[in-house]
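Q: Coordinates only, no sequence provided:
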């Protein structure tokens, strides 16, 4: 892109007649606006064209025309009153002997410097935005990590509590030991039933012998048999009481075994759930930590 300055107006050409009145070493400050167009640099101005358009800075959006006059310029085409210069981002100190091409080159250099400044400023703003975004994400990640750590700690405490309860249940009664106890009780019941059958058979034999004694009418023998019978009846009563105790113990053992087995299953299910949740939370925590 090369800046182009439009041809000088008649008023600009008229300024040369007044330059002799001022000192050649005196600096004149102009406030000029420029417009950069996609044209080739023209080094030969056409004095026949009357064009007062001047260049504008990229900061201005509206194209304004302003006749460039020196402070001491007097022309019959203009009245004697102060002309307000158009504000420009640059105050150019131009010697009266400088050419219009040099003015355009200086302005293009200033515009390039301004463009570099805005590029640098834009880059700094983007860095600040990235830093703020990363800080916000880091704050959210830290909060999520703290929450996950609290959940993991809570699950660890629950896991320890369940492990302790499981140990207590095992101390109260091992399932295998309970099964052995139940089998022993069942064996004892079978033995007692066999003994009961033997007693019943002996009783039947006794009754048969009693009938035989009655037939023989032997009083002493009958008395002895009665005593023997009473003793056997007493033994049967004791054995019956023992059998009742065994049956009651068996019922209690079955109830206790069922209760402990149910509690153990519930504890195992809860323990497995806690293990699964702990693994999921650890996996999520590791993924967030890697980010």
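A: Great, that's in hand. Please read all numbers here as calculations on a predicted model, not as lab measurements.
Q: where's residue 153, which helix or strand?
A: Element membership of residue 153, judged by DSSP states H and E, is helix 100-172.
Q: Show me what that helix is packed against.
A: Here helix 100-172 is seen to pack against strand 92-95, helix 219-290 when contacts are counted using 3 or more Cβ pairs under 8 Å, 6 or more residues apart in numbering; DSSP states H and E. For every residue, glycine as well, the C-beta is placed using N, CA and C.
Q: between it and helix 219-290, how many degrees?
A: Interaxial angle of helix 100-172 relative to helix 219-290 (axes from the mean of the first three to the mean of the last three Cα atoms, to 10 degrees): 170 degrees.
Q: just checking, next helix/strand downstream of helix 100-172?
A: Sequence-wise, the next helix or strand downstream of helix 100-172 (DSSP H and E) is helix 175-216.
Q: just the angle between that following helix and helix 219-290, please?
A: Taking the same axes, to 10 degrees, one finds that helix 175-216 is oriented at 170 degrees with respect to helix 219-290.
Q: So for helix 175-216, mean pLDDT?
A: Helix 175-216 carries an average pLDDT of 80.
Q: Please apply the same query to stretch 135-143.
A: The pLDDT scores in stretch 135-143 average 71.
Q: Which parts of the chain belong to which domain?
A: Here the domain parsing of the chain from automatic domain parsing is 10-124, 173-290.
Q: Can you flag the weakest of the ones you listed by average pLDDT?
A: That would be domain 10-124, which, of all those, carries the lowest mean pLDDT at a mean of 51.
Q: on that earlier part again, Serialize the helices and strands packed on helix 100-172 to TSV and add fields for mean neighbour count and distance to residue 187.
A: TSV is the format used below for those (neighbours: other Cβ atoms under 10 Å; distance: least, Cβ to Cβ, whole Å):
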stretch	mean neighbour count	distance to residue 187
strand 92-95	13	119
helix 219-290	12	11
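Q: Figure out which of these is closest to residue 146.
A: Nearest to residue 146 among the helices and strands packed on helix 100-172 is helix 219-290 (10.7 Å), distances taken as Cβ to Cβ.
Q: and the closest one, what other elements does it pack with?
A: Contact here means 3+ Cβ pairs under 8 Å, 6+ apart; on that basis helix 219-290 packs against helix 100-172, helix 175-216.
Q: and residue 273, which of those is closest to it?
A: Relative to residue 273, the nearest member of those by Cβ to Cβ is helix 100-172, separated by 9.8 Å.
Q: Determine the number of other residues adjacent to residue 195.
A: Here the number of neighbours of residue 195 (other Cβ atoms under 10 Å) works out to 15.
Q: how far away is the closest residue to it other than its chain neighbours from residue 200?
A: Beyond its immediate neighbours in the sequence, the residue positioned closest to residue 195 (Cβ to Cβ, 6 or more residues apart in numbering) is residue 239, lying 6.6 Å away. Distance, residue 239 to residue 200, using Cβ to Cβ, to the nearest Å: 11 Å.
Q: ditto for residue 255
A: 31 Å.
Q: same deal with residue 153?
A: Note on residue 153: its distance to residue 200, by Cβ to Cβ, is 68 Å.
Q: same question, residue 137
A: Noted for residue 137: a distance of 89 Å to residue 200, by Cβ to Cβ.
Q: Same question for residue 228.
A: Plainly put, residue 228 is 16 Å away from residue 200 if you go by Cβ to Cβ.
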